[in-house]
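Undergrad: Sequence below, structure please.
(one chain, ligands or ions: 3)
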Amino acid sequence: MAALCEVALPVPLRTTFTYRVPDALDELVVPGTRVLVPFRHRAMIGVVLRICAPGASTAPGATAFELKDVAEIVDPLPALPQGLLDLGRWVAEYYLAPVGDTFRVMLPPSVEMRVSREWQINEAGRARLQELRSLTGRSETEVAEMALLELCEVGAKPVAGALMRKLPGGEAAAARLRRRGQIAVQEVAKRRAARTQKIVAWRQDAAELSTRAASARAGQERVRQILAEERGPLPLVQLLKLAAVSRALIDRLARQGNVQVWEEPMAEESLLEADFTPPSNVLSEEQQRAVDEIAGWLDSQKFVAGLLYGVTGSGKTEVYLRAVEATLARGRSALLLVPEIGLTLWAARLCRARFGEGVAILHSGLPDAERAREWWRVRNGEARVVVGTRSAVFAPLENLGLLIVDEEQESSYKQEETPRYNGRDVAVVRAQKEGAVALLASATPSLESFHHARTGKYKLLRLDARIENRPMARVEIVDLREDFRQTHRAGQISERLRSELAARLAAGTQSLVLINRRGYSWFALCRSCGASILCENCSIALTYHKRNDRLLCHYCGFSRRVPKACPKCGSEYVYFVGAGSEQLEERLRELFPQARIARLDRDTARSKRAFEQVLGAFAEGRTDILVGTQMVAKGHDFQRVTLVGVVSADAQLGFPDFRAAERTFQLLTQVAGRAGRGTLAGEVLVETHYPEHYAIQLAAQQDYPSFFEKELHFRRLMHYPPFSALASLLVRDTNLEQAIRWSRQIGAFLQPMDARGVKVLGPAAAPLARIRREYRFQFLLKSPRRSALHGALAACMAFCTEKGIPDRAVLLDVDPASLL
Ligand code: ADP
Ligand code: ZN
Ligand code: ZN
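TA: Ligands and ions are numbered 1, 2, ... in the order given. Purely as a prediction, here's the structure:
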């Protein structure tokens, strides 16, 4: 009797699936192996979680359905090592996420297989064909159906989708026949052939060049020179570009025997250029102490979690590099997580320069083929250092010694779709499971992490001084109310900021201006009725984008023309409120027509190239003023910035979210840290309407410890993390009554949980009450005991299944990063 295996498939269902292992694959299918299996009418790639002994009936679903066979194994080596299988199960359990969805984010992209559809005629189809043949006159659709059925019948084998689509009306006919059960569809997967490219080489023994046309002679001569003298054999594509000749010319040279052309597997181009030498720094005393400490943890061979709290510009990056070095020296591998895709390349470059070829980059912005390649370099042990974003926490490194999480407080570590894991927290758990060191680092640690460091759960390392004892930037708060009283202008750029910017331009140093919103105006408001113009799908005001002269929804992408009159009351007095980055850039250009000004936000940095171009120009001093959103606040090490202006610093403070003050404080401190990093002193101007707010005051003083104390006090009073475990549960549906009914049912189920130590707030309309046409109601669950919270949530999910509330209608977020 064949063995059975339990497979996780990338479908949003809370179950795994059981398949039979055919004898031919018996030894090859082990836990962690990716397998190709039939699922409904589809071919899917999943991962084997477990092998069940032959005849065992414990496998889920084993008795309920007729079992199907595993069709094929995808890779010669199991993709996931045992450690990652365990970690995946932990993630699914802790975040109450579907197992299949969880393993989907852990596996490499499936670039090895190509899935296509095939169509096959059946009995009912043959009958239909007879019927069609016997008709005297046929409509257009009947003609199409008949052609398709005949095509299937002739070869007596399945017809590929591509062929079917060539028939006029073929696709529609296939859909109709399938609906009526007269044709069967199935998916088949084929292995993709390895990509090859043409290589061209010059033949030294070739005859003389023989062409009359002078222009062609010049081209031939360039080709000869490049191939024979300068470069040697080259890929065809590259040669065409270098020599600026046509393909026809190369073909002719090949026919004449002047060049030889052959196919070669695609050379794998490295993501990183090699020629980059980072400065080799002598460690400061503080840095040395931190590195020694981490080395000691590594030597203990046990799990240690550490928090590296180092002010901005204290040289944390150098500590990471030395810690990675120490890890490699002990024969173990290392992982460096950074919060943004934009920072991976920079960090990987540093690592590559120190540690050579064995560095891989993993992030979701890579094309599938590249990501798969990097992933397998790690899995095969070719790369032992991984630099990446959130999902790289699942990199298939073995013998892992060190996981570093840079800027550990960043909300980008939290995945805002299923599975809603936090990469930082998973890093700590992974370190714990694999006996490794987790090093969280920041100038503004999250309240949770600093609290853990103070209570001894994490070990604390501090870097209190900037490198070379450079002074911290001086921060000045600009009271916008006062500015208005004096200037009677309510602009984004206060008189103080304007004059400081002018001074920088005169002195020839650089400035950075941060604003929290992209677009031109935050929203359009009607002066007559006071309504703002909302998205059709969301309860969100539309943002005006001047470049394309449209109103845009930042949540669902909906866009519309700017209405001439208010859609509610018809009044013509629609005006725009609140400036975004686009408008700020425009104002600066008006104020300083001579200055070189650039903008960096999601609209201007749509591609990696654009992003790097803008940043590169700024880093090289070719831009005087850079306007940007949060994107510019993080991590970057600009040496010549002497002024940072923060426009509307307080915009986040009004958000109904318990982390609003923390986020504001972090952002201001981070951005202040961008000033005065080189030898030039830096100054920061923070514009606000609430100069008294403690988050703004303490950020201006760059006083993290005081902020921590104050904020922790509030968290304790309000029973928020780190004093209680928190989860948010959102019920959503396009039908309002339906959403309300389900919310009531869930509310009634959760009510008694209070007695078991789980406080339940809600249901209430969510802060974003409607998104993408769905109405949203929110519950907040809090408990001082995590196990109690987890138990309540698990019971609630089971209740939803029992009551037929669909999985997709319930969004569960354990340890939410944001309550919006
Ligand atoms: P952080 O991440 O803590 O804000 P960085 O790691 O970016 O700080 O370091 C700030 C600057 O100091 C960088 O330009 C870095 O190259 C430089 N630096 C770091 N360590 C040293 C050192 N030991 N000697 C001289 N310069 C250093
Ligand atoms: Zn109106
Ligand atoms: Zn919308």
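Undergrad: In this protein, which residue is most central in space?
TA: For the chain, the residue lying nearest the average C-alpha position, counting by C-alpha atoms, centre = their mean, turns out to be Ser364 (5.1 Å).
Undergrad: contacting residues around that residue?
TA: If you count contacts by C-beta atoms under 8 Å, 6 or more residues apart in numbering, Ser364 has them with 341, 371, 389, 391. Placement of C-beta: from N, CA and C, glycine included.
Undergrad: again, but for Met472
TA: Taking C-beta under 8 Å, 6+ apart as the contact definition, Met472 lies against 311-313, 466, 672, 676, 702.
Undergrad: Show me which of those has the smallest pLDDT value.
TA: Sorting those by confidence puts Gly676 at the bottom, with a pLDDT of 71.
Undergrad: Next one: the residue in the stretch 551-700 of the chain positioned nearest to ligand 1 from ligand 2, what distance?
TA: Sorted by distance to ligand 1 under C-beta to the nearest ligand atom, the residues of the stretch 551-700 of the chain start with Asp637, at 4.4 Å. Plainly put, Asp637 is 49 Å away from ligand 2 if you go by C-beta to the ion, to the nearest Å.
Undergrad: Can you tell me how far Val237 is from ligand 1?
TA: The span separating Val237 from ligand 1 equals 38 Å under the rule C-beta to the nearest ligand atom, to the nearest Å.
Undergrad: these two touch, right, that residue and Gln197?
TA: Yes - with the criterion set as C-beta atoms under 8 Å, Val237 and Gln197 qualify as a contacting pair; they are 7.1 Å apart.
Undergrad: before we move on, back to that, the residue nearest to the centre of the chain is in what secondary structure piece?
TA: Secondary structure here is read from DSSP states H and E; on that basis Ser364 sits in neither a helix nor a strand.
Undergrad: Can you pull the phi and psi angles for it?
TA: Listed backbone geometry of Ser364 is phi -70, psi -10, with angles given as degrees, to the nearest 10.
Undergrad: what do you get for Pro396?
TA: Phi and psi for Pro396, reported as degrees, to the nearest 10, are phi -80, psi 50.
Undergrad: And the helices in the stretch 151-300 of the chain?
TA: Secondary structure of the stretch 151-300 of the chain, counting by DSSP state H, counting those that start in this stretch: helices at 161-166, 170-179, 214-224, 236-243, 247-256, 285-300.
Undergrad: What of the stretch 1-150 of the chain?
TA: 82-94, 99-106, 123-134, 140-155.
Undergrad: Ser412: which of the ones you listed is closest?
TA: With C-beta to C-beta as the measure, helix 99-106 is the member of the helices of the stretch 1-150 of the chain nearest Ser412 (14.9 Å).
Undergrad: How far away from the center of its chain is stretch 760-777?
TA: Its chain's average C-alpha position is 25 Å from that of stretch 760-777, according to C-alpha atoms, centre = their mean, to the nearest Å.
Undergrad: whoops, I mixed them up, stretch 310-321
TA: With C-alpha atoms, centre = their mean as the basis, the distance from the averaged C-alpha position of stretch 310-321 to the chain average is 24 Å.
Undergrad: what about that stretch and ligand 1, touching?
TA: Yes - Stretch 310-321 comes into contact with ligand 1 when judged by C-beta under 6 Å from any ligand atom, the residues involved being 310, 312-318.
Undergrad: ok, of those, which one's closest to ligand 2?
TA: Nearest to ligand 2 among those: Thr312, at 46.2 Å, using C-beta to the ion.
Undergrad: How many neighbouring residues does the closest residue to that closest one other than its chain neighbours have?
TA: If the residues on either side of it in the chain are set aside, Thr312 comes closest to Gly673, at 2.5 Å by C-beta to C-beta, 6 or more residues apart in numbering. For Gly673, the count of nearby residues is 27 (other C-beta atoms under 10 Å).
Undergrad: Just say which of the helices of the stretch 1-150 of the chain is most tucked in.
TA: Neighbour counts averaged per stretch over these are highest for helix 99-106, at a mean of 23; criterion: mean count of other C-beta atoms under 10 Å.
Undergrad: That one vs helix 82-94, what angle?
TA: Regarding helix 99-106 and helix 82-94, their directions subtend 130 degrees when assessed with axes from the mean of the first three to the mean of the last three C-alpha atoms, to 10 degrees.
Undergrad: Average pLDDT for helix 99-106, rounded please.
TA: With pLDDT averaged residue by residue, helix 99-106 scores 94.
Undergrad: Near ligand 2, which residues of the chain are found?
TA: Within reach of ligand 2 by C-beta under 5 Å from the ion, the chain has these residues: 526, 528-529, 566, 568-569, 571.
Undergrad: Ala8 versus the residue nearest to Glu6 when sequence neighbours are not counted, what's the distance?
TA: Ranked by C-beta to C-beta, 6+ apart and with sequence neighbours excluded, the top spatial neighbour of Glu6 is Arg50, at 4.3 Å. Distance check for Arg50 against Ala8: by C-beta to C-beta, to the nearest Å, it reads 10 Å.
Undergrad: who's more crowded, these two?
TA: Ala8 (26 against 17).
Undergrad: Go ahead and confirm that one touches Met106.
TA: No - counting by C-beta under 8 Å, no contact exists between Ala8 and Met106, whose distance comes to 9.5 Å.
Undergrad: and for the two, which residues touch both?
TA: Where contact means C-beta under 8 Å, 6+ apart, the residues bridging Ala8 and Met106 through contact with each are Gly88.
Undergrad: Please verify my assumption that Ala661 contacts Tyr694.
TA: Yes - with contact taken as C-beta under 8 Å, Ala661 and Tyr694 are classed as touching, separated by 7.3 Å.
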